[in-house]
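# Predicted model and sequence follow; I will ask about them next.
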Amino acid sequence: MDIETIRTYCLKKKAASEGFPFDETTLVFRVMDRMFAVIDLDHPDKLTVKCNPDYAIELRDRYNGIEGAWHFNKKYWNQIHLMSDVPESLILELIDHSYEEVIKKFTRKQKEAYHELP
């Protein structure tokens, strides 16, 4: 899977945006200003996504290409090596899972604003 496929997939999600809030190489995908996926353009073979803590451990045990994300809270964030034993369909599912994990943590006001969006 390549970075453009991931980028297109992420940006099709409701209220999704992209930007470089940290530096000129760290591409961050957000839903209403909350991160759900990150790709370092210096290392575009890795994707970082948020994950349920128990599921994160299960995935790390099952796939060599999934590990705790570097520079993130490893309890909640996984790093996926895109050219590994992780199937492309699972990568897309994990993007969806990350997006949903972020939405679950919205405040009531954020949830209301999100649901009002087209």
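Done, it's in.
# Check what pLDDT the closest residue to residue 40 other than its chain neighbours gets.
Of all residues not flanking residue 40 in the chain, residue 26 sits nearest, at 5.4 Å (Cβ to Cβ, 6 or more residues apart in numbering). Any C-beta I mention is one placed from the backbone N, CA and C, and that applies to glycine too. pLDDT recorded at residue 26 is 97.
# Name the helix or strand for residue 106, please.
Counting by DSSP states H and E, no helix or strand carries residue 106.
# quick thing: my sequence starts at 13, can you match it?
With 13 as the first residue, the last one maps to residue 118.
# tally of neighbours for residue 89?
A total of 19 residues lie near residue 89 under the criterion other Cβ atoms under 10 Å.
# residues contacting it?
60, 61, 62, 63, 68, 80, 81 (Cβ atoms under 8 Å, 6 or more residues apart in numbering).
# same thing with residue 94?
Residues near residue 94 by Cβ under 8 Å, 6+ apart: 13, 14, 18, 56, 57, 58, 59, 77, 103.
# Is it possible to get CSV of the residues you listed that adds distance to residue 88, neighbour count and secondary structure?
Shown next, in CSV, are the contacts of residue 94 (distance: Cβ to Cβ, whole Å; neighbours: other Cβ atoms under 10 Å; DSSP: H, G, I helix; E, B strand; the rest coil):
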residue, distance to residue 88, neighbour count, secondary structure
13, 22, 17, coil
14, 26, 11, coil
18, 19, 22, helix
56, 22, 15, coil
57, 22, 15, coil
58, 17, 19, strand
59, 15, 26, strand
77, 18, 21, coil
103, 18, 21, helix
